Structures are given as structure tokens and as C-alpha cells.
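Student: sequence and predicted model, in that order:
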Amino acid sequence: MTATPTPIRPSPPAPRRALSWDDVQRRYAPYIFISPFFILFFIFGLFPILFNAYLSFQSWQPGTGLGDMEFVGWRNYTDNLTDPTFWLSLKNTAILAVMSGLPQHLLAIPLAFAVYGVLRKMQNLVTAVYFLPYITSIVAISVIFFTLFSWQYGVVNAALNALHQIPVIGALFPADKINWLGEKEYVQPAVAAVVIWRYTGWNMLLYLAGLQAIPRELYEAAAVDGATGGQQFRYITLPLLRPTMFLAVTLSLIGGLQLFEEPFILTGTSGGAGQAGLTTVMYMYRTYANYSDAGVASAMSWLLFLVIGVLTLINNRIFGRSGLSGRD
């Protein structure tokens with residue numbers, strides 16, 4: 001006879017120990033400490049985005065209360081896409097983004113090189129002066145430029161008139177005063193001048209930080225190998241500065257497509273002569289504030305978001321996959 005093995009019975013589970021107060025604190029304290037961020041983010045960040053997306057499919061006037069919302073589907077989007085003023089504002093926004101964005105970098109890069117090289121001993125003072133316009137109130141800046149571009153008594157027209165009096169080169173400057181904010185063809189250059197003056201210093205600081213991050217040993221080794229200044233700039237500075245350029249151009253692109261304060265203060269809600277200064281964000285504000293059409297304004301914001309996203313992706317493709325790494 002063979003012995004039958006006795007089955008092994010599993011031992012009963014040990015009784016769970018009740019969590020002590022110290023265990024509760026240790027387990028849940030981290031979540032309690034980080035909860036204020038998520039609560040505030042939900043209230044002031046995520047909820048407005050979701051509510052705005054919901055509004056874009058509704059017909060609603062804010063003064064009538066939430067109960068008067070009416071679902072209209074994609075009608076708000078089609079209304080925007082068939083609105084000539086929306087396309088005009090989008091065109092103005094694109095022109096101003098290029099007109100104000102490109103000169104910023106064409107000025108900021110040489111300024112950064114000047115501060116990094118020639119003005120190294122006064123670097124802190126110079127960077128503070130360049131950065132001052134960025135931290136100055138945009139309302140104050142726009143009011144100052146509104147005075148500078150005044151038709152009758154503006155400093156800009158006075159300077160152009162003085163230059164016109166100079167022999168030989170005087171013919172290059174207009175003899176008559178320019179109505180900068182009253183004529184369609186001059187509104188956008190006036191607005192762009194304010195944006196350029198305000199953000200050039202900011203971009204200069206970005207490029208200066210990028211230059212300071214490049215190891216000097218690379219330049220010393222290149223000089224030992226006989227590389228000229230131009231070759232050092234082409235093969236060392238530009239490739240290693242590429243991530244900074246990508247960041248600066250991306251920020252300028254996104255900011256340029258969201259222009260509001262500068263054209264709004266200089267031209268008002270109308271956008272100036274021929275609505276040349278009417279940007280998409282201004283038109284969005286006017287649609288909501290003047291016409292109380294929250295649904296159309298919300299749909300407009302999502303259309304602008306789509307445009308910004310597409311152009312940002314194109315910018316990423318232009319810089320290539322190495323835009324963030326500096327490698328090809």
C-alpha cells in the first residue's frame with residue numbers, strides 16, 4: 001500500500017493591522033501637499049479650457065444666464081469661416097507676426113554677440129537696459145508710442161522732417177507728415193515698431209544665454225587648428241545655438257499670433273484705418289465684448305489655436321528634429 005499524501009492547507013491570512021495616524025500621514029501627506037496645485041490648475045486652467053470648448057458649440061449671450069444656452073453644433077465655426085472680417089483679422093495677424101517677429105531676431109542676435117564679446121565688462125548693465133522694455137507696462141509703452149507717432153506733434157514725424165532737410169540724403173525721407181495711425185498702410189508698421197522695441201531685449205537675453213552655454217574650449221581648439229572667425233561661427237556657434245534659435249522663434253511665432261495689447265491701445269477695437277490693425281485676438285474680444293456672442297468668440301479661439309498649432313509644427317519641421325538637440 002502506498003501512503004496517501006496529506007494535503008497542505010494554506011494558513012489563514014494574518015489579520016490586517018489597522019492603519020495608525022503615522023501611516024496615514026506617511027501615505028497621504030504627499031498628495032495633500034501637491035493637491036493645491038491641481039485644484040488651482042483645474043479651476044483656473046483646465047476648467048476654462050473645457051468650458052470654452054463647450055461654449056464653441058453653443059449660442060449664448062453671457063448676460064442672459066447659463067440656462068439660455070442653445071446647442072448649435074458646428075454653426076459657430078462655419079460662421080467664422082464664412083466671415084470676411086475673420087479672414088482679414090487672420091491676414092493682419094500673420095503680417096504683423098512676420099513684420100514684428102523677423103526684425104526681433106535680426107537685431108537680437110548681433111546684440112547678443114556684442115554683449116557677449118565687446119561689452120563683456122558691462123554685461124550686467126547692458127542686459128538690464130535691454131530687458132527693461134520687456135518688464136515695462138505695455139499700457140505705458142503703447143501710450144508713449146502713441147505720442148511718438150502723433151501726426152501733428154509726434155517725435156517720429158519731427159525726426160523724418162529733420163532728415164528731409166539734409167542735403168543729398170534728404171530725398172530719401174518724406175517731406176509731408178505721415179499719419180501713422182490714421183492711414184491704412186502705416187498702421188501695421190507702427191504696431192510692429194512697438195512689438196519690436198518691447199521684445200528684442202528678451203530675445204537678446206535668450207541668445208546671450210545660448211552663447212554663454214557654448215564651451216570656450218571649442219573655440220580655443222578651433223583656433224589652434226587654424227579655423228578663422230567665420231569658420232568658428234559657422235561650424236561651432238550656429239549649430240550649438242540652434243536649440244536657442246528654435247526656442248526664440250517658436251515663442252515669437254506664438255506670441256505674434258496672439259497680439260492684442262499693442263494694436264488695441266494704438267488703434268482701439270476698430271483696428272484703425274481700414275481695420276489694418278485688427279488682429280484675430282482683437283476681433284475675438286470685440287465679438288465677445290461688443291456683440292455678446294460668446295459662442296462665436298469661443299469657436300474663433302479654437303480656430304486660432306489650430307492655426308498656431310499647425311504653424312508651430314511647420315516651424316519644428318523647418319528646424320528639423322535637431323531643433324532641440326543641436327545635432328543633424
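Tutor: Structure received.
Student: which one's the longest helix in this structure?
Tutor: Assignment by DSSP state H gives helix 84-116 as the longest helix of the chain.
Student: flag every buried residue along that helix.
Tutor: 86, 88-90, 92-97, 99-101, 103-105, 107-109, 111-113, 115-116 (16 or more other Cβ atoms under 10 Å). (C-beta placed from N, C-alpha, C; glycine too.)
Student: and stretch 265-281, how far out from the chain middle?
Tutor: Distance, stretch centre to chain centre, for stretch 265-281: 19 Å (Cα atoms, centre = their mean, to the nearest Å).
Student: likewise for stretch 113-133?
Tutor: The gap between where stretch 113-133 is centred and where its chain is centred comes out at 23 Å by Cα atoms, centre = their mean.
Student: that one: end-to-end distance?
Tutor: Using Cα to Cα, to the nearest Å, the end-to-end distance of stretch 113-133 comes to 20 Å.
Student: list the contacts for the residue nearest to the spatial centre of the chain?
Tutor: Nearest residue to the geometric centre of the chain (Cα atoms, centre = their mean): residue 255, 2.5 Å. Applying Cβ atoms under 8 Å, 6 or more residues apart in numbering to residue 255 gives the contacts residue 199.
Student: who does the one helix or strand residue 221 maps to touch, helix- and strand-wise?
Tutor: Here residue 221, judged by DSSP states H and E, is contained in helix 216-224. Helices and strands touching helix 216-224, by 3 or more Cβ pairs under 8 Å, 6 or more residues apart in numbering; DSSP states H and E, are helix 229-232.
Student: what sits up against the helix it packs on?
Tutor: 219, 222-223.
Student: go with 7 Å
Tutor: 219, 222 (Cβ atoms under 7 Å, 6 or more residues apart in numbering).
Student: with stretch 213-224 instead?
Tutor: With contacts defined as Cβ under 7 Å, 6+ apart, stretch 213-224 is touched by 232, 236-237, 240.
Student: what bits of the stretch 151-300 of the chain have low per-residue confidence?
Tutor: For the stretch 151-300 of the chain, no stretch has pLDDT under 70.
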